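In: Next comes the sequence, and after it the predicted model I'd like to discuss.
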Amino acid sequence: MKKTDIEKILKQGSIKQKIKLYYTDIAYFNTKGIITAELKGSGTVNARMHRPDKILTDKERDLILNSIKEPKDIKYYNDLALTNKAFLMFKPLVTLQCKYNLYLTSEFKKIVAITLIHKGYEDSINEILEEINNKKTRDKVFIKALDSLQKFDATVNKGKDNIPTIEIKQGQINDDFIKLIATINTSIRESKEYIETISFFVKKSLPLQPYKQFLKDAENEIKKNIDICKKISDTLIKSLKYKDLKEDIINWEDVEVIVSNEDINDIKNAGL
């Protein structure tokens, strides 16, 4: 928020505008300022919150609070206090969804890395065996390679010209891969439902820019993780072991969310 806009509201704005500015400062603290804030002093008298990153000074905040006298202004202040409390009760859910989505992305990367490593082992060893013309030497290399890959559940296949090949079973990894896609899709649906519902609540009952930005940042973070998962999924699906895989990660835009007035009232009533 521009300093000139703040000064204009403090000097010329209505009490309602000043109250909204006051809660914008609170919203900014709850989303950005809290990161740099620290408690200074000790005890009940000397302890105070130092807020280096803020919109209003302590003096400006006091001036706004002291100007709230009319019943309609008191009501507006109390309404924002109620909705602000409700938002703060649901804010951790959005943060948790972002963290969970990031965790799933990390797990997805692990499965893909393991799969590609296994495929690399398998291809490299089989290419080496194919180049060995002496059967006795090839058999020795094959037995040694098979023994070293037992922890990867390697098996023997008959290749062309009866030259044995090694295959690393991917059954469990395949299952984990497909299950994780399903889990990621569930997380995407739940994340969008949380964010869309709370965004509608903020737009209707708590129109404060820091909260709007917080929800937008959360949405962008999850979208970024979706794109990452989609790219590594496409890479894996192109390999032979996943060429017939049908299920894929859904698009954020394809998830439909219907927000009812009852949903909004439930959130608001949480602040009571």
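Out: Yep, it's here.
In: What separation do you get for residue 253 and residue 196?
Out: For residue 253, the distance to residue 196 equals 12 Å [CB to CB, to the nearest Å]. All C-beta spots, glycine's among them, are computed from the backbone N, C-alpha and C.
In: any chance you could map the helices in the protein?
Out: Taking DSSP state H to define them, one finds helices in the chain at 3-12, 15-31, 43-46, 58-67, 71-131, 135-148, 171-205, 209-237, 261-269.
In: Need those in JSON lines (columns: distance to residue 164).
Out: Formatted as JSON lines, the helices of the chain follow (distance: least, CB to CB, whole Å):
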{"stretch": "helix 3-12", "distance to residue 164": "76"}
{"stretch": "helix 15-31", "distance to residue 164": "62"}
{"stretch": "helix 43-46", "distance to residue 164": "78"}
{"stretch": "helix 58-67", "distance to residue 164": "78"}
{"stretch": "helix 71-131", "distance to residue 164": "7"}
{"stretch": "helix 135-148", "distance to residue 164": "6"}
{"stretch": "helix 171-205", "distance to residue 164": "21"}
{"stretch": "helix 209-237", "distance to residue 164": "27"}
{"stretch": "helix 261-269", "distance to residue 164": "62"}
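In: among those helices, which is the most enclosed?
Out: A comparison of the helices of the chain by mean neighbour count, using mean count of other CB atoms under 10 Å, puts helix 15-31 on top with a mean of 21.
In: for that helix, packing partners?
Out: Other elements packing on helix 15-31 under the criterion 3 or more CB pairs under 8 Å, 6 or more residues apart in numbering; DSSP states H and E are helix 3-12, helix 58-67, helix 71-131, helix 209-237.
In: Could you check the angle the third one makes with helix 58-67?
Out: Which is helix 71-131. 130 degrees (axes from the mean of the first three to the mean of the last three CA atoms, to 10 degrees).
In: where in this structure is pLDDT low?
Out: Applying pLDDT under 70 to the chain flags the ranges 37-50, 52, 149-154, 158-163, 168-174, 236-247, 271-272.
In: go with 50
Out: Under the criterion pLDDT under 50, no range of the chain is flagged.
In: Walk me through the domains of it.
Out: 3-69, 91-127+168-269 (automatic domain parsing).
In: how long is the first one from one end to the other?
Out: In domain 3-69, first residue to last residue: 26 Å (CA to CA, to the nearest Å).
In: returning to that earlier point: tabulate the helices and strands packed on helix 15-31 in JSON lines, adding columns for distance to residue 189.
Out: Conversion of these to JSON lines gives the following (distance: least, CB to CB, whole Å):
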{"stretch": "helix 3-12", "distance to residue 189": "38"}
{"stretch": "helix 58-67", "distance to residue 189": "40"}
{"stretch": "helix 71-131", "distance to residue 189": "11"}
{"stretch": "helix 209-237", "distance to residue 189": "11"}
